[in-house]
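**Student:** got a sequence here, can you build the structure:
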Amino acid sequence: MDLLSKLFFIVSIFFYLLLLIDALNNLQNRLLNIKVVQLPKRKQFTLKDVSAHCTENDCWMVVKDLVYDVTEFMREVKFV
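**Tutor:** Residues are numbered from 1 along each chain as shown. A predicted model of the protein is given here:
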């Protein structure tokens with residue numbers, strides 16, 4: 001490889017890393033905006049309660065004993 005090819009390769013890698021960092025920052029911002037579901041009368045949910053919320057329009061999940069409403073996140077990300 002000549003010097004120009006090496007330089008082009010290094011600059012290309014740099015720009016791909018910048019794009020990757022930007023994509024990861026966007027994903028982190030979306031994940032941080034997930035709302036924790038808390039009802040005033042009831043602070044604990046059973047797994048049966050959470051499993052009732054498993055549709056595209058109403059999706060909850062449990063992570064480390066906290067219940068998250070991920071409905072809006074699922075709409076934005078479009079995993080399916």
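**Student:** for the lengthiest strand in the chain, what does the pLDDT average out to?
**Tutor:** With secondary structure taken from DSSP state E, the chain has its longest strand at strand 58-63. Strand 58-63 carries an average pLDDT of 89.
**Student:** using CSV, write out every CA atom in it.
**Tutor:** Extracted in CSV, the C-alpha atoms of strand 58-63 (Å, rounded to 0.1, in the frame of the first residue of the first chain):
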residue,chain,number,x,y,z
ASP,A,58,-48.8,-1.8,25.5
CYS,A,59,-45.5,-3.4,26.3
TRP,A,60,-43.9,-3.6,29.8
MET,A,61,-40.7,-5.4,30.8
VAL,A,62,-38.9,-6.1,34.1
VAL,A,63,-35.2,-5.3,34.6
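**Student:** around T71, how many other residues sit close by?
**Tutor:** Neighbour count of T71, defined by other Cβ atoms under 10 Å: 18. Every C-beta, even on glycine, is put in place using the N, C-alpha and C of the backbone.
**Student:** look up the closest residue to it, ignoring the ones flanking it.
**Tutor:** Nearest non-adjacent residue to T71, counting by Cβ to Cβ, 6 or more residues apart in numbering: C59, 4.7 Å away.
**Student:** re earlier: what helices or strands is the longest strand of the chain leaning on?
**Tutor:** helix 47-51, strand 66-69, helix 71-77 (3 or more Cβ pairs under 8 Å, 6 or more residues apart in numbering; DSSP states H and E).
**Student:** mean pLDDT and distance to V11 for the ones you listed - can I get that in TSV?
**Tutor:** Rendered in TSV, the data for those read as follows (pLDDT from 0 to 100; distance: least, Cβ to Cβ, whole Å):
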stretch	mean pLDDT	distance to V11
helix 47-51	90	48
strand 66-69	87	40
helix 71-77	82	31
